[in-house]
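Peer 1: For reference, the sequence and a predicted model appear below.
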Amino acid sequence: MVMRRKRVAAVIVVAVLCMAASAAAYFTTAGSGSGTAGLGSSRPVTIAAGSTPSTPLVPGGDGDVTARISNPNPYAVHVGSLALDASQGTDGFDASPPGCNLGDALAFTTQTNGGAGWEIPANGTLDLDLAGSLRMTTDASNACQGARFTVYLGAGP
């Protein structure tokens, strides 16, 4: 019986040593490999006309421009500035009625929200009333009275 106990004890010791060796091998083994990750493509924000401006435009004065910025991305987007997009319309403007000759009658001041820009929420919109951003000279034609102006804006960094 003593011999049998020694054999059982020896088997237990060997089993414990095997488990210890396996554990040591598991925790000390180095590995390597490679992986790839992809970044989805970013879509640009869109800028559309907003609601009726709170301050109307008059010759020799400043008026407001309203805009709605839409972000189609699943993450927030920062817009640092809004500037006139002169590649659209007539140097960045359109007017209704068509008899309103814009010429040099309008000027838009680039907006930066005091240097802070704006955060457009993920898959969201932001409505802006850009106070005093549009100026009309006293040279505007009479046909521009009561006109509705479209101001094309582009988002900057």
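Peer 2: It's in. Numbers count the residues shown, from 1 in each chain.
Peer 1: show me where this structure has helices.
Peer 2: 2-28 (DSSP state H).
Peer 1: Pass me the low-pLDDT residue ranges in it, would you?
Peer 2: Residues of the chain that meet the criterion pLDDT under 70 lie in 1-40.
Peer 1: those strands in it, which residues are they?
Peer 2: 46-49, 62-70, 77-79, 81-84, 93-96, 106-108, 118-120, 125-136, 148-151, 153-156 (DSSP state E).
Peer 1: Now do the fifth one: which elements does it pack against?
Peer 2: In this case it means strand 93-96. strand 148-151 (3 or more CB pairs under 8 Å, 6 or more residues apart in numbering; DSSP states H and E). (C-beta placed from N, C-alpha, C; glycine too.)
Peer 1: Could you list the paired strands of the strand it packs on along with their orientation?
Peer 2: Here strand 148-151 is paired, per DSSP bridges, with strand 93-96 (antiparallel).
Peer 1: what sits against the residue most central in space within the chain?
Peer 2: The residue lying closest to the centre of the chain (CA atoms, centre = their mean) is Val77, at 1.7 Å. By CB atoms under 8 Å, 6 or more residues apart in numbering, the contact set of Val77 is 45, 71, 119-120.
Peer 1: Repeat that for Ser133.
Peer 2: Counted by CB under 8 Å, 6+ apart, Ser133 has contacts 62, 64-65, 108-109, 111.
Peer 1: partner residues bridging Val77?
Peer 2: Ile120.
Peer 1: do you know how far it is from Gly132?
Peer 2: 25 Å (CB to CB, to the nearest Å).
Peer 1: Go through stretch 85-96 and flag the buried ones.
Peer 2: Residues of stretch 85-96 classed as buried by neighbour count (16 or more other CB atoms under 10 Å): 85, 89, 92-95.
Peer 1: just stretch 63-77 next, same as before
Peer 2: The neighbour-count check on stretch 63-77 (16+ other CB under 10 Å) flags 63-67, 69, 71, 73, 77 as buried.
Peer 1: Quick check: the farthest pair among these?
Peer 2: Greatest spacing in those, by CB to CB: Gly63 and Asn73 (31.5 Å).
Peer 1: about what we covered before: can you put the strands of the chain in a markdown table and add distance to Pro56?
Peer 2: Below are the strands of the chain laid out as a markdown table (distance: least, CB to CB, whole Å):
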| stretch | distance to Pro56 |
| --- | --- |
| strand 46-49 | 15 |
| strand 62-70 | 6 |
| strand 77-79 | 25 |
| strand 81-84 | 19 |
| strand 93-96 | 14 |
| strand 106-108 | 14 |
| strand 118-120 | 24 |
| strand 125-136 | 10 |
| strand 148-151 | 10 |
| strand 153-156 | 19 |
